[in-house]
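A.B. asks: Below is the structure, and that's it, no one-letter string:
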């Protein structure tokens, strides 16, 4: 098995666990911003400790980081913060598995963002996959009990949050891929480690300032919830390390597409841990999005094969 595949699967698994923990904390002790901040706050010390030990034990010199590294790292970090806030908010109004499925529109949106910003062409099969994905999103956004009016049937806050989180996660994935390419280190894992360290450090600084100004009480709440929140930090660190390792080796679209296994993991988590059940309509929506991912990956691979 190639390293990027193993790293992606590991990241998807740990990310599912982390979202489970964040969901529990967001319902009890912490606000949306507090639950989001906890993932960065409690992973930063472990990252700094690991990097310091690595450089003390090895003969490797810390790399010089370019201007574009900081641009990509900052863009990805801010986009990820906003995306995580959207997802944690989404959990309060939707089932766990459906929330993760909304988030997974990032794979579809990454193609659209690439087409608009990078002028990357999309094949006919790729466009067909996007349409199937759109149908899946509409099915999942059909939230019962909101209103019988057609204008509210498919367009509601939960759908908007999910789609926005996917868009922001797509931006962060591409930005992190760009940041790893700006780091010169002996291996993909050390490249991921350095990139992740500075991204998380920036995120801790950004969110500390935000919470201090907007929700100062949450700083104490995050500390009070440390016995639970520390596990969010650890799973966040492990999952992010997996993603960053994969980004340093492979195109971000392929990495995130493989990460769709998180859909199945989140459905299992919702059923076994939160006693949540999916309706037939929601199962159908998940199925359409799953088909989309498979068709999209095949279309990308076919396009790249023809290009080569």
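C.D. replies: Arrived safely. Small disclaimer: the values here were computed from a predicted structure and weren't measured.
A.B. asks: and the closest residue in space to residue 229 that isn't next to it in sequence, what pLDDT?
C.D. replies: Nearest non-adjacent residue to residue 229, counting by CB to CB, 6 or more residues apart in numbering: residue 38, 4.0 Å away. Using the backbone N, CA and C atoms, a C-beta is placed for each residue, glycine as well. Predicted confidence (pLDDT) for residue 38: 83.
A.B. asks: again with residue 289
C.D. replies: The model's pLDDT for residue 289 equals 67.
A.B. asks: do the same with the one 4 residues further on
C.D. replies: Reported pLDDT at residue 293 in the predicted model: 65.
A.B. asks: that older thread, host element of the residue nearest to residue 229?
C.D. replies: helix 32-41 (DSSP states H and E).
A.B. asks: which other helices and strands contact the next helix-or-strand element following that helix?
C.D. replies: Once helix 32-41 ends, the next helix or strand along the chain (criterion: DSSP H and E) is helix 44-57. In terms of contacts (3 or more CB pairs under 8 Å, 6 or more residues apart in numbering; DSSP states H and E), helix 44-57 is packed against helix 188-214, helix 226-249.
A.B. asks: Comparing those by mean pLDDT, which bottoms out?
C.D. replies: helix 226-249 (a mean of 87).
A.B. asks: next structured bit after it?
C.D. replies: helix 252-258.
A.B. asks: Residue 81: what's it in contact with?
C.D. replies: Residues near residue 81 by CB atoms under 8 Å, 6 or more residues apart in numbering: 36, 40, 203, 206-207.
A.B. asks: cutoff 6 Å now
C.D. replies: residue 203 (CB atoms under 6 Å, 6 or more residues apart in numbering).
A.B. asks: Where does it sit, in terms of helix or strand?
C.D. replies: Residue 81 belongs to helix 67-91, assigned by DSSP H and E.
A.B. asks: got the angle for that helix vs helix 32-41?
C.D. replies: Angle between the axes of helix 67-91 and helix 32-41 is 140 degrees (criterion: axes from the mean of the first three to the mean of the last three CA atoms, to 10 degrees).
A.B. asks: angle of helix 67-91 against helix 188-214?
C.D. replies: 60 degrees.
A.B. asks: hmm, back to that, distance-wise, check the residue nearest to residue 229 relative to residue 255.
C.D. replies: From residue 38 across to residue 255, the span is 25 Å (CB to CB, to the nearest Å).
A.B. asks: of the two, who's got more company?
C.D. replies: residue 38 (30 against 27; other CB atoms under 10 Å).
A.B. asks: what's near enough to touch that one?
C.D. replies: Per CB under 6 Å, 6+ apart, neighbours of residue 38: 222, 229, 232.
A.B. asks: The same query, at a cut-off of 10 Å, please.
C.D. replies: 21-22, 25-26, 29-30, 207, 218, 221-223, 225-226, 228-233, 236 (CB atoms under 10 Å, 6 or more residues apart in numbering).
A.B. asks: so residue 222 touches residue 42, yeah?
C.D. replies: Yes - assessed by CB atoms under 10 Å, residue 222 is found in contact with residue 42 at 8.3 Å.
A.B. asks: which residues do those two both contact?
C.D. replies: Taking CB under 10 Å, 6+ apart as the contact rule, residue 222 and residue 42 both touch residue 229.
A.B. asks: what's the span of stretch 246-266 from first residue to last?
C.D. replies: 21 Å (CA to CA, to the nearest Å).
A.B. asks: buried stuff in it?
C.D. replies: 246-260, 262-263, 265-266 (16 or more other CB atoms under 10 Å).
A.B. asks: Also stretch 165-182?
C.D. replies: By neighbour count with 16+ other CB under 10 Å, stretch 165-182 contains the buried residues 165-180, 182.
A.B. asks: And stretch 213-222, by the same measure?
C.D. replies: Quick answer for stretch 213-222 (16+ other CB under 10 Å): 215, 218, 221-222.
A.B. asks: Residues in contact with it: which ones?
C.D. replies: Here stretch 213-222 has contacts from 25, 29-38, 41-42, 207-208, 210-212, 225, 229, using CB under 10 Å, 6+ apart.
A.B. asks: Now a ChimeraX select for only the buried ones of those residues.
C.D. replies: Here is the ChimeraX command that selects the buried residues among those (16+ other CB under 10 Å):
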select :25,29,30,31,32,33,34,35,36,37,38,41,42,207,211,225,229
